[in-house]
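K.L.:
predicted coordinates and the sequence they were generated for:
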Amino acid sequence: MLLNLTASDPLVSWIQWVSIALILGLPWSLTHSNLTAFRRSCWFIWMASVATLSALYLGFLTYNYNGVQLGFNHEGNPMNTLMILVGLFSTLPFMRQAYLSGVLHPLRTATVVSIAVLLLIGPALFNSVALYAYQQGGGEFYGGQGDYAGEDHQPEDPIAWFQAKVMGFLSSIGITLFVFFALFHFGHGKDHIEPQSDLP
């Protein structure tokens with residue numbers, strides 16, 4: 001844990017909502033500016049915000065007696081839906097720009113945005129799909145043994161849990177690749193010489 005914060009610490013809430021505000025707001029500034037220095041600053045702050053929110057979700061900034069859980073909870077992480085929605089809405093300005101006017105560097109833009117999507121949506125979608133698929137198949141978790149009895153929950157059916165995790169992995173990779181190829185395709189689809197904005 002980098003900061004060793006507790007989940008109820010006010011700083012955790014502050015980090016979460018400031019990061020979300022920057023992740024959702026900066027792409028609109030990026031896609032409506034022609035100032036290279038401004039765009040570079042926005043890209044840096046945007047990716048830093050993405051990394052911060054992802055680290056918070058994965059558990060690298062907060063304390064957990066069982067160690068880092070990578071965002072997984074056997075009862076479902078309440079941040080899953082939020083992470084997925086933030087990740088999806090953050091791509092809209094880039095998709096809009098690529099569709100309407102194209103981008104100067106489609107490959108570079110698509111790569112950076114898809115990495116952000118992988119960090120934001122990937123773990124949350126992986127955990128959500130894996131847990132849903134496992135439980136739909138009748139899978140359950142037991143509370144463990146020894147010092148962590150009732151706290152360290154493990155799947156009762158490891159094979160079914162592995163198959164569920166494969167489904168979660170394919171889902172998270174699938175959405176990332178979709179965003180990449182959509183941006184890359186639409187970015188090449190226009191003949192504008194000077195797009196409104198792009199990566200420096």
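P.N.:
Great, that's in hand. Residues are numbered from 1 along each chain as shown.

K.L.:
which secondary element of this protein has the worst mean pLDDT?
P.N.:
One helix or strand of the chain scores below all others by mean pLDDT, DSSP states H and E: strand 141-142, with a mean of 70.

K.L.:
could you point out which element follows it?
P.N.:
Sequence order places strand 154-155 as the next helix or strand after strand 141-142, per DSSP states H and E.

K.L.:
for residue 163, give me its contacts.
P.N.:
Applying C-beta atoms under 8 Å, 6 or more residues apart in numbering, one finds that residue 163 lies in contact with residue 133. Any C-beta I mention is one placed from the backbone N, CA and C, and that applies to glycine too.

K.L.:
name the helices or strands packed onto the host helix or strand of residue 126?
P.N.:
Take DSSP H and E as the rule and residue 126 turns out to sit in helix 122-136. With contacts taken as 3 or more C-beta pairs under 8 Å, 6 or more residues apart in numbering; DSSP states H and E, helix 122-136 sits against helix 36-58, helix 80-101, helix 158-188.

K.L.:
export the ones you listed to a markdown table and tack on mean pLDDT and distance to residue 141?
P.N.:
Output for the helices and strands packed on helix 122-136, formatted as a markdown table (pLDDT from 0 to 100; distance: least, C-beta to C-beta, whole Å):
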| stretch | mean pLDDT | distance to residue 141 |
| --- | --- | --- |
| helix 36-58 | 92 | 20 |
| helix 80-101 | 91 | 17 |
| helix 158-188 | 91 | 9 |
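
K.L.:
dump the ones you listed to JSON lines, plus distance to residue 22.
P.N.:
Formatted as JSON lines, these follow (distance: least, C-beta to C-beta, whole Å):
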{"stretch": "helix 36-58", "distance to residue 22": "4"}
{"stretch": "helix 80-101", "distance to residue 22": "10"}
{"stretch": "helix 158-188", "distance to residue 22": "19"}
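
K.L.:
identify the residues contacting the spatially most central residue of the chain.
P.N.:
For the chain, the residue sitting closest to the mean C-alpha position, by C-alpha atoms, centre = their mean, is residue 120 at 0.7 Å. Residues in contact with residue 120 (C-beta under 8 Å, 6+ apart) are 23, 50, 53, 54, 83, 84, 86, 87, 90.

K.L.:
and the residues you listed, which two are furthest apart?
P.N.:
Spatially, the most separated pair among the contacts of residue 120 is 50 and 84, at 13.7 Å (C-beta to C-beta).

K.L.:
more neighbours, those two?
P.N.:
More crowded of residue 50 and residue 84, by other C-beta atoms under 10 Å: residue 50, with 25 against 18.

K.L.:
just give the closest residue to that one, not the sequence neighbours.
P.N.:
Spatially, and ignoring its direct neighbours in sequence, residue 50 is nearest to residue 116 (4.6 Å; C-beta to C-beta, 6 or more residues apart in numbering).

K.L.:
and whatever helix or strand the one you found lives in with helix 80-101, angle?
P.N.:
Using DSSP H and E, residue 116 maps to helix 106-120. For helix 106-120 against helix 80-101, the angle between stretch directions is 170 degrees (axes from the mean of the first three to the mean of the last three C-alpha atoms, to 10 degrees).
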